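**Q** okay, sequence plus prediction incoming.
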Amino acid sequence: MHFCAGILGVEAVDDLGMLRETFDLAWPDYRDTIRAGLMHLVANEPLTVDQWFALTHVPFPDQRELRAYLAQVYAYLFEDFDAMPVAPQ
C-alpha cells in the first residue's frame, strides 16, 4: 500500500501523462521499482477498490476496472502505449 500512496497518489495519477518525459529520464532503479510495483498490483490485485480510494481518493466501480486502469498505466510507462489512461473523477 505504501507504493500506491507514495508513487500513485491522486496527484501523481492525474499528472503521469505530463511527467512522462521526466519519468523516461529517471534513474533505472527508480523505473525498476515502479515497474515491479505496478506489475505486482496488476498480477496479484492486493488492493481492493476501497483501499485504493482511501489512499488516492480516486474511485473505481469495481476491481476489474481498477486492474484494467493499472495495466494501462503500466503499458503507458513501459510498453509505449500512446495515451495515459484517464482516472475516474
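**A** Yep, that arrived.
**Q** rest of the way, CA atoms for contacts and neighbours
**A** Noted.
**Q** wouldn't Pro88 be in contact with Val58 here?
**A** Yes: the pair Pro88 / Val58 is scored as a contact, 6.3 Å apart, by CA atoms under 8 Å.
**Q** higher neighbour count, those two?
**A** Higher neighbour count among Pro88 and Val58: Val58, with 19 against 13, using other CA atoms under 10 Å.
**Q** phi, psi for that one please.
**A** phi -110, psi 110 (degrees, to the nearest 10).
**Q** would you agree it is in contact with Ala87?
**A** Yes: contact criterion CA under 8 Å: Val58 and Ala87 qualify, at 7.1 Å.
**Q** pLDDT weak spots in the protein?
**A** 1-19 (pLDDT under 70).
**Q** host element of the nearest residue to Pro46 once chain neighbours are set aside?
**A** Closest residue in space to Pro46, ignoring its immediate chain neighbours: His40 at 8.0 Å, by CA to CA, 6 or more residues apart in numbering. If you go by DSSP states H and E, His40 is part of helix 28-44.
**Q** helices or strands up against the next helix or strand after that helix?
**A** Following helix 28-44 in sequence order, the next helix or strand is helix 49-56 (DSSP H and E). On a contact count with 3 or more CA pairs under 8 Å, 6 or more residues apart in numbering; DSSP states H and E, helix 49-56 meets helix 2-7.
**Q** okay, now the residue nearest to Pro46: neighbour count?
**A** The burial count for His40: 12, using other CA under 10 Å.
**Q** measure it to Phe23 for me?
**A** Counting by CA to CA, to the nearest Å, the gap from His40 to Phe23 is 19 Å.
**Q** thanks a lot, catch you later.
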